[in-house]
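> When you get a sec, could you give me coordinates for this:
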Amino acid sequence: MARQLTFDLPARPAQGRGDFFVTHSNAAAMATVEGWQGWPNRKLVLEGPEGSGKTHLALVWAEMTGARLIGAADLPDTDIAALAGQSVVVEDADQIAGDRPAEEALFHLHNLVLAEGGHLMVTARSAPSRWGLTLPDLRSRMEGTTLTRLDAPDDMLLSAVLVKFFDDRQIIVNHPLITYLARRMDRSLAQAAALVEQLDRAALAEHSPITRTFAARILDQTPETGA
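From the prediction side, this is the model:
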């Protein structure tokens, strides 16, 4: 059994998968999502860089509302009419710019969901004005949608998720290790998971505890990890 961790972390239980930790980098976006019943025109664009936690926060909202999650690129193969009036999350909408069938499908989904009283969340890595949409009606609707932003994870958030990932694996950790990893790694929640998995595998192979010294040695062997 791993000992009880005593880190003073800004945590809250998620209403989606796992724990969603709230810090300065995501507090405003979390508050906007929790206030979904007051979204203007019942729609929201959730913007943030890769690894900032957009999918996790979308899952939190989906658990709150029973929303269905759909990748924007999958929309042309989706029965849009069946989603009329439902709550829907469309992920990675910025990646369909120039894809006429996908843009048209998002346009029809937007209209059907909202016309029948549903709510729509759209995630992307940038604001709609930068997506390069070619369908004018869709572009105007997306640019007229309330926007909230997830910033890249700060040290406090990275520390929180690192501790959680280690704890999920029943691994004892200490402050120097967490501080070292949070300062070295890319600002990405996905990388936090990858780092913990990498260190766990190495520790199992060498039958070694994971200390700061051990982590430094392992990560120095993989220059593509961290910054």
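> So which residues of this structure form strands?
Taking DSSP state E as the test, the strands found in the chain are 43-47, 68-71, 88-91, 120-124, 147-149.
> and the gap between the residue nearest the centre of the chain and residue 206?
Per Cα atoms, centre = their mean, the C-alpha nearest to the average position across the chain is that of residue 53, at 2.0 Å. Residue 53 is 32 Å from residue 206, where distance means Cβ to Cβ, to the nearest Å. (Glycine included, C-beta is placed from N, CA and C.)
> Could you give me the buried positions within the longest helix along the chain?
When the chain is parsed with DSSP state H, its longest helix is helix 189-206. Neighbour-count burial for helix 189-206, counted by 16 or more other Cβ atoms under 10 Å, picks out 189, 191-193, 195-196, 198-200, 202-203.
> now that helix: mean pLDDT?
In this model, helix 189-206 has a mean pLDDT of 90.
> Next: stretch 32-51.
95.
> Please apply the same query to stretch 68-76.
On average, stretch 68-76 scores 97.
> Pull out the buried positions in it.
70-73, 75-76.
> so where's this protein uncertain?
Under the criterion pLDDT under 70, the flagged ranges of the chain are 1-18, 222-227.
> Break down it into its helices, ranges please.
Counting by DSSP H, the helices of the chain are 27-34, 54-65, 100-115, 136-143, 155-168, 175-184, 189-206, 212-220.
> follow-up on the earlier one: among the buried residues of helix 189-206, which one sits closest to residue 182?
If you rank those by distance to residue 182 using Cβ to Cβ, residue 192 comes first, at 8.5 Å.
> show me the contacts for that closest one.
153, 158, 161-162, 165, 181, 185 (Cβ atoms under 8 Å, 6 or more residues apart in numbering).
> Return the distance of it relative to residue 171.
Counting by Cβ to Cβ - residue 192 and residue 171 are separated by 14 Å.
> anything in contact with each of the two?
By Cβ under 8 Å, 6+ apart, no residue touches both residue 192 and residue 171.
> What sits closest to residue 112 if chain neighbours are left out?
Using Cβ to Cβ, 6 or more residues apart in numbering and skipping residues adjacent in sequence, the residue nearest residue 112 is residue 84, 4.2 Å away.
> which ones are touching that neighbour?
112-113, 115-116, 118.
> top of those by neighbour count?
When neighbours are counted by other Cβ atoms under 10 Å, residue 113 leads the contacts of residue 84 with 23 neighbours.
> Wait, that one touches residue 107, no?
No. Using Cβ atoms under 8 Å as the test, residue 113 is too far from residue 107 to be in contact (11.2 Å).
> residue contacts, the closest residue to residue 173 other than its chain neighbours?
Leaving aside its sequence neighbours, residue 173 sits nearest to residue 166 (Cβ to Cβ, 6+ apart; 4.6 Å). Residue 166 makes contacts with 172-173, 196, 210, as judged by Cβ under 8 Å, 6+ apart.
> Tell me the spacing between residue 166 and residue 174.
Separation of residue 166 from residue 174 (Cβ to Cβ) stands at 10 Å.
> what does residue 121 give?
From residue 121 over to residue 174 the distance is 38 Å, taken as Cβ to Cβ.
> Those two: who's more crowded?
Set residue 121 next to residue 174 and count neighbours by other Cβ under 10 Å: residue 121 wins out with 27 against 13.
> Spit out the contact partners of the more buried one.
If a contact means Cβ under 8 Å, 6+ apart, then residue 121 has 33, 36, 43-46, 58, 61, 67, 87-90 as its contacts.
> Now the contacts of residue 192 in a markdown table, please, with extra columns for neighbour count and distance to residue 220.
Converted to a markdown table, the contacts of residue 192 look like this (neighbours: other Cβ atoms under 10 Å; distance: Cβ to Cβ, whole Å):
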| residue | neighbour count | distance to residue 220 |
| --- | --- | --- |
| 153 | 28 | 23 |
| 158 | 26 | 20 |
| 161 | 23 | 23 |
| 162 | 24 | 18 |
| 165 | 21 | 21 |
| 181 | 25 | 13 |
| 185 | 19 | 14 |
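> Perfect, that will be all.
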